[in-house]
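Chemist: Turn this into a structure:
(chains A and B)
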Amino acid sequence: MAPSLRFPPPVTRLSLKRHTASTGPWFSWTVSTNGGTISRSLQSSLPSSTSSASADRLGTANGRLNLVPPPRWHGVAEVMLKLMAFSAIAAVALIFIFIAKEALPLLWSHEVHKEVTIGKMWTAQLWPGYDEASHVWQPVSDIPKFGVWPLIIGSLKVTFVAMLAGVPVAVGAALYVSQFAGPRLREIVKPAIEMLAAIPSVVLGFFALIVMATVLQDWFDLESRLNAVVAGVALSFAVIPVVFTISEEAFRAVPRSYVEASTALGAARWQTVVRVVLPAASPGIAAGVALGLGRAVGETMIVLMASGNAALANLDLLDSVRTIPATIAAELAEVVFGGGHYTVLFFLGAMLFTITGVVNFSGDLIIQRMKRKLGVAA
Amino acid sequence: MLGASLALTCTRGAVTTTVNVKGSDTMVTLAQRWAEAFTAATPHTSVQVSGGGSGTGIVALINGTTDVCQASRRMNDKERLALRARTGSDPIELVVARDGLAIYVNTANPVDEISTTQLKDIYTGKLTNWRELGGPEATIIAYARENSSGTYVFFKEHLLDGADLAAGTQMIPGTAGVVNAVAHERGAIGFGGAAYAVGVKKLKVRRGAEGPAVSIDLSTIQSGQYPLARPLFFYLAKPATGKVKAFVDFASSKRGQAIVSGVGYFPVK
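Modeler: Take a look at the predicted model:
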């Protein structure tokens, strides 16, 4: 099989033949691509010498080729397709502009500064009623406290667990499916793993809350039922299909010639897989991990339901955690429009958007570079 | 469903008046039952009930986008000022039902009663072990509602005197979630509406350290003996007229108060 990423690379061949017949020379040409073949032939009553007159007759003379201009709707359709493509881009831009606009009063609004400033969000504060300077997230309070570190640490903890649990499973499964499984088994296993992506995140969250939390607590005698581990493991179910799909593509994109060369040199199958296939596919795996990371950081419903949402600023994975997306989801419904709390939540949203944007973009970049390196048109 | 279809058929004959009711999630079910019974008995009327939380409802009242605001807490000074700035008058406050905040613990927990002082200490993080309440040696896992809920605000203001909940308090969206968590966890404690307490134990509550231990029921809530009772309100931006007045009066009527008991809350009197 040709080196491929899902589809064989496009190949275009143009062949031109000159025939001699009693009515004069006539030409036929064929354009063949892996998408299909288009053939045209035309006849000319003139000898091989070309002139403007003959060119004209070439086009219309005896009806074997009609150079009819394409119907107008082709152009209209193309413009519409273009509009659709650009409207998606415009949506991304507009959403970001909207979020940023709502967050910006944090920088200069006096009204907002009565409640919160950027500086107070990031530094430990000695709040009345507290013994020491600390990072506190207590937005609904007589003195609202918007320390963001507990939320950032919470997000990082859950994401760390999700990646730790999800990536090895996803990459291992991808390696198995692409390198070891027979075609029939592959037809079953691959869609089954990709089915994970079809489970609504609220269902995953519910499952984690009711079933997984209880089971994990019983097994490991955990103090807190809902914690970063429970939420992270549940989140890994959302990460696995993303990492799996891209890694599997990457493994299958490794040129056949690499494997054949390795086998010809006497390498065992395992040696080929570990020393040749894995390194060749590693940029693709990295891209998959990056996209999975973006998914994990931004996922809301699973963590809202399964993490316990306590805003603690410590590194204990068995403590309850509050993440940025869950905080936005839980609190935005009830804030005063344009107030300090509202602005801070939009600031968190803009921050989250930027992080997931950068992570996803770098993932795409890696994929493109890999395709180029392996000689596949991106 | 009945109310909606009735309103629809009525539109043919005469103009249908819509009464908008918005606010506390705690009161959504209650307001819906009221709306169903009310529209069934009153022609050419539809009542639209939506939740979102007490704060959301109050904001809607301030912005003039709802006729009636249902709230599980009193409007605060900031909100009253904002409303007066728009309408020039104070809101009209009506107590339409009462709710008792039950304290839930796991059924396996031997502790039967708790004082408001102890509750405060638990939720501010000073009391961390059931041993200190005469229970077994086990860490107290405190659950609360998300800070967007009226229940959270009521608990924080009424019981904690505005103090912050301990950072380790787990925040669950929805009372059903709190009940579920407490039902599954031995060391857990949580709070919420008495009607939701299925599969968990409701503690008797003492006012202060010395008060008598009172269990949550109709008489103790109406008499004010139970320390964690709260009124449920209707707020109006201006004196009610027409269909709005009819609906509000219906909620306070004998039939309306019977519906209150039906959904697990407590009638006003």
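Chemist: how about the residues of chain A near chain B?
Modeler: A:129, A:136-142, A:145, A:150, A:209-210, A:213-214, A:217, A:223-226, A:304-305, A:308-313, A:319-320, A:322, A:330-331, A:333-337 (CB under 8 Å from any CB of the partner chain). Every residue, glycine included, has its C-beta placed from N, CA and C.
Chemist: List the buried residues of stretch B:24-40.
Modeler: Of the residues in stretch B:24-40, B:24-39 count as buried by neighbour count, 16 or more other CB atoms under 10 Å in any protein chain shown.
Chemist: I should have written stretch A:207-223 there, sorry.
Modeler: A:207, A:208, A:209, A:210, A:212, A:213, A:216, A:217, A:222, A:223.
Chemist: So the first one belongs to a helix, correct?
Modeler: I take that to be residue A:207. Yes - if the criterion is DSSP: H, G, I helix; E, B strand; the rest coil, then residue A:207 is within a helix.
Chemist: Contact partners for it?
Modeler: By CB atoms under 8 Å, 6 or more residues apart in numbering or on different chains, the contact set of residue A:207 is residue A:234.
Chemist: at 10 Å instead, please
Modeler: A:199, A:213, A:234, A:237, A:302, A:305, A:306 (CB atoms under 10 Å, 6 or more residues apart in numbering or on different chains).
Chemist: I'd like those written out as a markdown table, with pLDDT and secondary structure added.
Modeler: Converted to a markdown table, the contacts of residue A:207 look like this (pLDDT from 0 to 100; DSSP: H, G, I helix; E, B strand; the rest coil):
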| residue | pLDDT | secondary structure |
| --- | --- | --- |
| A:199 | 93 | coil |
| A:213 | 91 | helix |
| A:234 | 95 | helix |
| A:237 | 95 | helix |
| A:302 | 94 | helix |
| A:305 | 91 | helix |
| A:306 | 92 | helix |
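Chemist: For the residues you listed, work out which two are farthest apart.
Modeler: Using CB to CB, the two most remote members of those are A:199 and A:213, lying 17.4 Å apart.
Chemist: So for residue A:285, what pLDDT did the model give?
Modeler: Note on residue A:285: pLDDT of 92.
Chemist: swap in residue A:74?
Modeler: So residue A:74 comes in at 88 (pLDDT).
Chemist: Surely it forms part of a helix?
Modeler: Yes - under three-state DSSP, residue A:74 falls within a helix.
Chemist: And for it, the neighbour number?
Modeler: Residues contacting residue A:74 under the criterion other CB atoms under 10 Å in any protein chain shown number 10.
Chemist: pLDDT averaged over the top strand by length along chain B - what is it?
Modeler: Longest strand of chain B, by residue count under DSSP state E: strand B:92-105. Average pLDDT, strand B:92-105: 91.
Chemist: Stretch A:350-360 too?
Modeler: Rounded mean pLDDT across stretch A:350-360 is 92.
Chemist: same deal with stretch A:166-182?
Modeler: Rounded mean pLDDT across stretch A:166-182 is 94.
Chemist: Model confidence score at the residue in the stretch 1-150 of chain A that chain B sits nearest to, please.
Modeler: Per CB to the nearest CB, residue A:140 is where the stretch 1-150 of chain A lies closest to chain B, at 4.1 Å. On pLDDT, residue A:140 comes in at 85.
Chemist: That one reaches residue B:155, doesn't it?
Modeler: No - with contact defined as CB atoms under 10 Å, residue A:140 does not count as touching residue B:155 (11.3 Å).
Chemist: anything in contact with each of those two?
Modeler: B:149, B:165.
Chemist: what inclination does the lengthiest helix in chain B have with respect to strand B:92-105?
Modeler: Taking DSSP state H as the criterion, chain B has its longest helix at helix B:28-41. Here helix B:28-41 runs at an angle of 130 degrees relative to strand B:92-105 (axes from the mean of the first three to the mean of the last three CA atoms, to 10 degrees).
Chemist: Run the chain-centre distance for helix B:28-41.
Modeler: How far helix B:28-41 lies from its chain's middle: 17 Å, per CA atoms, centre = their mean, to the nearest Å.
Chemist: Does that helix pack against any helices or strands, and if so which?
Modeler: helix B:2-13, strand B:17-23, strand B:45-50, strand B:68-71, strand B:92-105, strand B:229-236, helix B:242-252, helix B:254-262 (3 or more CB pairs under 10 Å, 6 or more residues apart in numbering or on different chains; DSSP states H and E).
Chemist: Okay, now the sheet partners of the fourth one, with direction.
Modeler: Strand B:68-71 has the following strand partners under DSSP bridges: strand B:17-23 (parallel), strand B:229-236 (antiparallel).
Chemist: Show only the entries of the residues of chain A next to chain B found in helices.
Modeler: Using DSSP H, the subset of those located in helices is A:150, A:213, A:214, A:217, A:304, A:305, A:330, A:331.
Chemist: before we move on, which element is residue A:78 in?
Modeler: Using DSSP states H and E, residue A:78 sits in helix A:72-103.
Chemist: Just the mean pLDDT for the helix or strand just after that helix, thanks.
Modeler: Once helix A:72-103 ends, the next helix or strand along the chain (criterion: DSSP H and E) is helix A:105-108. In this model, helix A:105-108 has a mean pLDDT of 90.
Chemist: so how far is helix A:105-108 from its chain's centroid?
Modeler: In terms of CA atoms, centre = their mean, the centre of helix A:105-108 is found 32 Å from the chain centre.
Chemist: What are the buried residues along it?
Modeler: A:105, A:106.
Chemist: where in the stretch 1-150 of chain B is pLDDT low?
Modeler: Across the stretch 1-150 of chain B, the ranges flagged by pLDDT under 70 are B:1-14.
Chemist: typo on my end, it should be the stretch 1-150 of chain A
Modeler: In the stretch 1-150 of chain A, residues with pLDDT under 70: A:1-67.
Chemist: Try it again at 90.
Modeler: Flagging of the stretch 1-150 of chain A using pLDDT under 90 yields the residue ranges A:1-75, A:107-120, A:125-134, A:140-144.
Chemist: can you give me the strands in it?
Modeler: A:12-21, A:24-33, A:36-43, A:137-138, A:145-146 (DSSP state E, counting those that start in this stretch).
Chemist: neighbouring contacts of the fourth one?
Modeler: Surrounding strand A:137-138, the residues in contact under the criterion CB under 10 Å, 6+ apart are A:121, A:127, A:144-151, A:154, A:310-313, A:322, A:327, A:331, A:344, B:147, B:156, B:163-165, B:167.
Chemist: May I have the strands that pair with it, each with its orientation?
Modeler: Partners of strand A:137-138 in its sheet, by DSSP bridges: strand A:145-146 (antiparallel).
Chemist: If we ignore the residues flanking it in sequence, what's nearest residue B:206?
Modeler: Closest residue to residue B:206 apart from its sequence neighbours, by CB to CB, 6 or more residues apart in numbering or on different chains: residue B:115 at 4.1 Å.
Chemist: And for residue A:129?
Modeler: Using CB to CB, 6+ apart, the closest residue to residue A:129 is residue B:163 (6.3 Å).
Chemist: how near is the one you found to residue A:149?
Modeler: Per CB to CB, to the nearest Å, residue B:163 is found 21 Å from residue A:149.
Chemist: Where does the prediction get shaky in the stretch 151-300 of chain A?
Modeler: Residues of the stretch 151-300 of chain A that meet the cut-off, pLDDT under 90, sit at A:182, A:206, A:209-210, A:214, A:217-218, A:220-225, A:253-256, A:269, A:279-280, A:282-284.
Chemist: Just list what the helix or strand hosting residue A:290 packs against, helices and strands only.
Modeler: According to DSSP H and E, residue A:290 maps onto helix A:278-298. Using 3+ CB pairs under 10 Å, 6+ apart, the elements in contact with helix A:278-298 are helix A:149-175, helix A:228-253, helix A:256-264, helix A:324-331, helix A:340-373.
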